[in-house]
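Novice: Sequence below, structure please.
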Amino acid sequence: MGMVELALVACFLVVILPMVSSSSEGSKEIDQWLQELTHAKQKATHLHFYLHDTFSGRNPTVVEVAQSNMTHSSPTLFGLMNVMDDPLTEGPESTSKEVGRAQGFYGSSGQKEMGLLMAMSLVFTTGKFNGSSLTILGRNPAMEPHRELPIIGGSGVFRLARGFAALKTYYYNASNGDAIVEYNVAVIHY
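Specialist: Modelled structure (predicted):
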């Protein structure tokens, strides 16, 4: 299987498959939920947390899975593909309480400037959002101080979610690629 096919399979598994299998409910439960939806009011939720993207050490949370033959000669690492399972924490410290995981992949898709195409699920593991997730798919101009990514869906509490995540780099180590990114998420859901 070539790199293009592998990337397409990975995209399917990360983006499409959770939409298909995000619920273990049967047809009756889904029909009931849809019936209640007609009377439901939209809610707006603000979430704040930190994503820890770690390449270094004995337990990295992001790994390189593919690259082109020109990636390491490119100033933007064009063609590099990484898979991540990053912790989401309440504060920027690595010892801060974990509230979830960011699972997905991102690839360097800019030839002239650093731009990452990101496809990930923010999977919440504590509190009232435990078991729910938000799906992000979009371009991340990672070297910009402030950037915005779209929320395109969700599961659990966040079914039919839409919104955006405002990102700000809190910490970046240029020698090993480790980063801590502050996320402020505005999401509309039912």
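Novice: which parts of stretch 75-85 are buried?
Specialist: Neighbour-count burial for stretch 75-85 flags 76-84 (criterion: 16 or more other Cβ atoms under 10 Å). Every residue, glycine included, has its C-beta placed from N, CA and C.
Novice: scratch that, stretch 59-79
Specialist: 60-62, 66-67, 71, 74, 76-79.
Novice: Make CSV from those residues and add distance to residue 108, secondary structure and pLDDT to it.
Specialist: Output for these, formatted as CSV (distance: Cβ to Cβ, whole Å; DSSP: H, G, I helix; E, B strand; the rest coil; pLDDT from 0 to 100):
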residue, distance to residue 108, secondary structure, pLDDT
60, 18, coil, 97
61, 18, coil, 98
62, 13, strand, 97
66, 11, strand, 95
67, 9, coil, 94
71, 7, helix, 94
74, 8, coil, 94
76, 6, coil, 94
77, 4, coil, 93
78, 5, coil, 96
79, 6, coil, 95
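Novice: Between which two of those residues is the distance greatest?
Specialist: Spanning the widest gap among the buried residues of stretch 59-79 are 61 and 74, at 23.9 Å by Cβ to Cβ.
Novice: got a list of what the residue nearest the centre of the chain touches?
Specialist: Nearest to the mean C-alpha position of the chain, by Cα atoms, centre = their mean, lies residue 120 at 3.0 Å. Residues in contact with residue 120, defined by Cβ atoms under 8 Å, 6 or more residues apart in numbering, are 14, 84, 102-106, 135-136.
Novice: In strands only, show me these.
Specialist: Among the contacts of residue 120, the subset assigned to strands under DSSP state E consists of 84, 102-106, 135-136.
Novice: Relative to residue 189, which of these is nearest.
Specialist: Using Cβ to Cβ, the ones in strands among the contacts of residue 120 come closest to residue 189 at residue 135, 12.1 Å.
Novice: Leaving out chain neighbours, which residue sits closest to the closest one?
Specialist: Nearest non-adjacent residue to residue 135, counting by Cβ to Cβ, 6 or more residues apart in numbering: residue 153, 4.5 Å away.
Novice: I'd guessed that neighbour sits against residue 132; true?
Specialist: No - under the criterion of Cβ atoms under 8 Å, residue 153 makes no contact with residue 132, lying 11.5 Å away.
Novice: and residue 131, that's in a helix?
Specialist: No - under DSSP: H, G, I helix; E, B strand; the rest coil, residue 131 falls outside any helix and is assigned coil.
Novice: any idea how far it lies from residue 31?
Specialist: Residue 131 sits 21 Å away from residue 31, going by Cβ to Cβ, to the nearest Å.
Novice: How about residue 38?
Specialist: Taking Cβ to Cβ, one finds residue 38 at 12 Å from residue 31.
Novice: Between those two, which has more neighbouring residues?
Specialist: Counting neighbours by other Cβ atoms under 10 Å for residue 38 and for residue 31 shows that residue 31 has the greater number, 11 against 6.
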